[in-house]
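Asker: pasting the structure only:
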């Protein structure tokens with residue numbers, strides 16, 4: 001009797017773990033067309049110890065936290081650049097990253113529709129950093145900043161993918 005109970009308990013635990021694992025895989029598979037690969041998405045999402053037993057709501061919290069860290073990293077990379085030729089672009093990057101972080105901080109208090117709009121806006125703000133360099137062909141966006149911006153945009157879009165789920 002106790003062996004069957006143990007076997008049943010282990011089966012339920014394994015099933016719930018694989019469902020959550022599959023949920024991360026499903027979410028990250030949707031990031032394929034976005035700025036980050038599904039592998040990168042899964043690596044970031046699984047970096048939080050809560051992810052293996054997370055509900056959709058917890059995964060959203062994890063994704064918001066990770067996206068904020070990525071946006072802060074983009075801002076820090078921008079601040080570390082000491083090129084006098086692109087101070088205007090760097091200033092834009094810092095400003096738009098601050099706005100994106102502010103949006104991410106407030107998304108938990110929003111209803112689903114407003115959250116989706118706000119998250120799209122946050123990703124667009126970070127993309128404005130890239131646009132600032134593209135609008136001035138004489139200044140090239142440093143590779144490290146470009147990569148940080150790409151990851152931040154991709155992780156914000158992962159939050160949007162989660163927020164769009166039923």
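Answerer: Arrived safely. Everything quoted here is computed from the prediction, not taken from an experiment. Residues are numbered from 1 along each chain as shown.

Asker: quick one: low-confidence parts of the protein?
Answerer: Applying pLDDT under 70 to the chain flags residues 1-21, 32-34.

Asker: need the residue closest to the centroid of it.
Answerer: residue 155 (1.8 Å; C-alpha atoms, centre = their mean).

Asker: show me how far whichever helix or strand that residue is part of is from its chain's centre.
Answerer: Assigned by DSSP states H and E, residue 155 belongs to helix 143-164. On the basis of C-alpha atoms, centre = their mean, to the nearest Å, helix 143-164 sits 5 Å off its chain's mean C-alpha point.

Asker: once you drop chain neighbours, what's closest to residue 42?
Answerer: residue 28 (4.5 Å; C-beta to C-beta, 6 or more residues apart in numbering). Heads up, the C-betas are built off the backbone N, CA and C, glycines and all.

Asker: give the helix, strand or coil label for the one you found.
Answerer: Following DSSP: H, G, I helix; E, B strand; the rest coil, residue 28 is assigned to helix.

Asker: burial check on it, number of neighbours?
Answerer: Residues within reach of residue 28, counting by other C-beta atoms under 10 Å, total 23.

Asker: if we can go back for a sec, buried ones in the helix holding residue 155?
Answerer: By neighbour count on 16 or more other C-beta atoms under 10 Å, the buried set for helix 143-164 is 145-146, 148-163.

Asker: rewinding a little: which residues touch the residue nearest to the centre of the chain?
Answerer: Residue 155 sits next to 36, 41, 44, 63, 66-67, 70 when contact means C-beta atoms under 8 Å, 6 or more residues apart in numbering.

Asker: I'd like those residues as TSV, with distance to residue 114 and secondary structure appended.
Answerer: Output for the contacts of residue 155, formatted as TSV (distance: C-beta to C-beta, whole Å; DSSP: H, G, I helix; E, B strand; the rest coil):
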residue	distance to residue 114	secondary structure
36	24	coil
41	24	helix
44	25	helix
63	17	helix
66	21	helix
67	17	helix
70	22	helix
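
Asker: out of those residues, who's nearest residue 106?
Answerer: Nearest to residue 106 among the contacts of residue 155, counting by C-beta to C-beta, is residue 67 at 13.1 Å.

Asker: quick check: closest non-adjacent residue to the closest one.
Answerer: Per C-beta to C-beta, 6+ apart, closest to residue 67 is residue 155, 4.1 Å.

Asker: repeat that for residue 128.
Answerer: Excluding its sequence neighbours, the residue lying closest to residue 128 (C-beta to C-beta, 6+ apart) is residue 96, at 4.6 Å.
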